[in-house]
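A.B. asks: Based on what follows, work out the 3D shape:
(chains A and B)
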Amino acid sequence: MLDIKYIKENKEIVKKALNDKQLQGTVDIDLLVATYDEYTELLKKVEIHRNLRNSISKDISRVSPEEKQKLLEEAKHVKDELQEMEEKLKVLKAKIDELMLWVPNVPAKDVPFGENEEGNTIIKQEGVVPEFSFEPKDHLELGEALGIIDTKRGAKLGGFRSYFLVGKGMLLEQAILRYALDHMVAQGFTPMNVPVMLDKKYFVGTGYFPWGSEDHYVTQDDLALVGTAEVSLTSYYADEVLDESQLPVMLAGQSPCFRREVGGYGKDTKGVFRVHYFTKVEQVVLLPEGEELSVEWHDKMLGFAEDILKGLNLSYRVLLMCTGDMGAGQRKKYDIETWFPSQKIYRETHSDSYFLDFQARRLNIRYKDREGKIKFVNTINNTVAATPRLLAAVIENYQQKDGSILVPEVLRKYTGFEKIEPNK
RNA sequence: GGAGGGAUCGCAUAGUGGUCUAGUGCGGCGGUCUUGAAAACCGCUAUAGCCGCAAGGUUAUCGUGGGUUCGAAUCCCACUCCCUCCGCCA
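C.D. replies: The predicted model follows:
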């Protein structure tokens, strides 16, 4: 959420953001500002009336019985007028609240314009693309042959995009997650196990709703299932006031992630690349205000994710996302794409975004600065490791000619084995 | 699933229709005293909005939302959360 005063004073900037982010027609900024002006005008009148009501009421308890009758009649009259105005005021407020939810964040100055993913810029590429003396297989073919990925029985039980990870495949997945989590703990992050069914207001708060509500599952108790631990971690301090000395808050959460993938029916139908349920280690940081600091941490957190991929010896590249391919709430976003030998392309495995106070305003997360002033925190989040997608990358990149999978060096202390081989 | 109790200014508590502009204690901040500290004493102690150069004024907020009333922390209704007990359960 942006400050309504900022919107009012920077209407053209906000409208441009709306267009650049390809969100044309989702919210009428002129209507919002006009409604807000109408609201503040009426609010002034209401407050004058409330003042009048309050002072008459106070007098009633003090004056003589004769005067009391007179005041009572006057008070009734004021009350009726007030009721009418307050009714209108409530309607206006609701309208503003609704419109405000749809106002996106303004992209940072260095975010390139682009209508879709074609506008993204590759800013770096790291690691060595593995060369194979044979035609590399995809993770599904390898996983099925080794008996570690079973999408057939997954689909039998849970439909399309369901899967089982079996035996050493499951252990390798756990190793990846633990490796990622340990790395974040080593950086000073607090590891967290988080609730994954949350009140919808926290999805609104983090900016997933209203835009992405279609991609989320909802329980019969009207809680939504998280698509990422970001929602739980970022909302952890909702409605609280921190002290500046507590910042930066550095949280690393592991959680199941649920996504309906309604926009991706035909996409990535093979294997466990795009699934309805996966597990992810996520990093979230709350900072004092100031874009420079956010930029610094945004890059730092990108580095933590890169550490994981470097440790796994996977080749990756980093993309600066263009306006049309970033979330409504985001100020700037990097994606990391990791090399998938079977597809011979880099595919998204990580997403790193900063928001300034966009999420904090929606979630009402504030802090008291050194002068005692109350301000909104700034928020950032990034993937650390998401599996089975990253598992698939490991499987494909570490495949051997005989169909076995070598376990990356850094994971061996977690798996306790060095290779996944066909049974007999 | 059933029964009962509760939610008040950072914490603990008081407050059952108007002097609540929410009392008291603790904590915190400032001051007096002191070589320094403690103790004692004095003062201050929330958030958001609006008006104002400022001083200040004003509105809202006692879990949330509605209602009754001239007036609600207080009465009524609904909801949320917490606690205790019973049952069930990993």
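
A.B. asks: So what's the residue count around the nearest residue to A:Val272 once chain neighbours are set aside?
C.D. replies: Excluding its sequence neighbours, the residue lying closest to A:Val272 (CB to CB, 6 or more residues apart in numbering) is A:Pro388, at 4.0 Å. C-beta coordinates here come from the backbone N, C-alpha and C atoms, glycine included. Here the number of neighbours of A:Pro388 (other CB atoms under 10 Å) works out to 26.

A.B. asks: A:Arg347 too?
C.D. replies: With other CB under 10 Å as criterion, A:Arg347 counts 18.

A.B. asks: what stretches of the stretch 201-350 of chain A score poorly on pLDDT?
C.D. replies: For the stretch 201-350 of chain A, no stretch is flagged by pLDDT under 70.

A.B. asks: What residue in it comes nearest to RNA strand B?
C.D. replies: The nearest approach of the stretch 201-350 of chain A to RNA strand B comes at A:Val241, 6.9 Å away (CB to the nearest atom of the strand).

A.B. asks: Correct me if wrong: that residue contacts A:Ala360.
C.D. replies: No - in this structure, A:Val241 is not within contact of A:Ala360 by CB atoms under 8 Å, at 11.3 Å.

A.B. asks: neighbour-wise, which of those two wins?
C.D. replies: The neighbour comparison of A:Val241 against A:Ala360 (other CB under 10 Å) goes to A:Ala360, with 25 against 13.

A.B. asks: give me the number of residues near the residue of the stretch 301-424 of chain A found nearest RNA strand B?
C.D. replies: Residue nearest to RNA strand B within the stretch 301-424 of chain A (CB to the nearest atom of the strand): A:Ile374, separated by 3.9 Å. For A:Ile374, the neighbour count with other CB under 10 Å is 9.

A.B. asks: Might you report the residue contacts of it?
C.D. replies: A:Val241, A:Arg366, A:Tyr367, A:Lys368 (CB atoms under 8 Å, 6 or more residues apart in numbering).

A.B. asks: Also A:Leu198?
C.D. replies: Counted by CB under 8 Å, 6+ apart, A:Leu198 has contacts A:Leu223, A:Ala224, A:Val226, A:Val231, A:Ser232, A:Ser235.

A.B. asks: distance between the helix of greatest length in chain A and the chain's centre?
C.D. replies: Identified as the longest helix of chain A according to DSSP state H is helix A:65-101. Distance of helix A:65-101 from the chain centroid (CA atoms, centre = their mean, to the nearest Å) equals 40 Å.

A.B. asks: near RNA strand B, anything from that helix?
C.D. replies: Yes - interface with RNA strand B: helix A:65-101 contributes A:Leu72, A:Ala75, A:Lys76, A:Val78, A:Lys79, A:Lys90 (CB under 7 Å from any atom of the strand).

A.B. asks: how far away is the second one from A:Arg53?
C.D. replies: Computed as CB to CB, to the nearest Å, the A:Ala75 to A:Arg53 distance reads 7 Å.

A.B. asks: could you say what helices and strands the longest helix of chain A packs with?
C.D. replies: helix A:29-60 (3 or more CB pairs under 8 Å, 6 or more residues apart in numbering; DSSP states H and E).

A.B. asks: In the helix it packs on, which of the residues would be classed as buried?
C.D. replies: For helix A:29-60, the buried set under the neighbour-count rule, 16 or more other CB atoms under 10 Å, comprises A:Ile29, A:Leu32, A:Val33, A:Thr35, A:Tyr36, A:Tyr39, A:Leu42, A:Val46, A:His49, A:Arg53, A:Ile56, A:Ile60.

A.B. asks: So what's the gap between that helix and the chain middle?
C.D. replies: 36 Å.

A.B. asks: do the same with stretch A:210-221
C.D. replies: For stretch A:210-221, the distance to the chain centre is 14 Å (CA atoms, centre = their mean).

A.B. asks: who's in contact with that stretch?
C.D. replies: A:101-102, A:197, A:200, A:203-204, A:208-209, A:224-225, A:227, A:258-263, A:327-328.

A.B. asks: Next, A:Gln283: secondary structure please.
C.D. replies: For A:Gln283, the secondary structure call by DSSP: H, G, I helix; E, B strand; the rest coil comes out as strand.

A.B. asks: burial of it, as a residue count?
C.D. replies: The local packing of A:Gln283 (other CB under 10 Å) involves 26 other residues.

A.B. asks: Across the sheet, point out what pairs with it.
C.D. replies: Assessed by DSSP bridges, A:Gln283 has beta-bridge partners A:Ala252, A:Asn382.

A.B. asks: Show the contacting residues for it.
C.D. replies: A:Met184, A:Phe189, A:Met250, A:Leu251, A:Ala252, A:Met301, A:Phe304, A:Ala305, A:Asn381, A:Asn382, A:Thr383, A:Val384.

A.B. asks: what about the residue lying closest to the first one once chain neighbours are set aside, neighbour count?
C.D. replies: Which is A:Met184. Counting by CB to CB, 6+ apart, A:Ala252 is the residue found nearest to A:Met184 once chain neighbours are left out, at 3.7 Å. Residues near A:Ala252, counting by other CB under 10 Å, number 25.

A.B. asks: Correct me if wrong: A:Ala252 contacts A:Asn193.
C.D. replies: No - with contact defined as CB under 8 Å, A:Ala252 does not count as touching A:Asn193 (10.6 Å).

A.B. asks: Of the buried residues of helix A:29-60, which is the nearest to RNA strand B?
C.D. replies: Using CB to the nearest atom of the strand, A:Ile60 comes nearest to RNA strand B of these, at 4.0 Å.

A.B. asks: Look at the nearest residue to A:Glu74 once chain neighbours are set aside and report its pLDDT.
C.D. replies: Once flanking residues are discounted, A:Glu74 sits nearest to A:Ile56: 6.1 Å by CB to CB, 6+ apart. Looking at A:Ile56, its pLDDT stands at 90.
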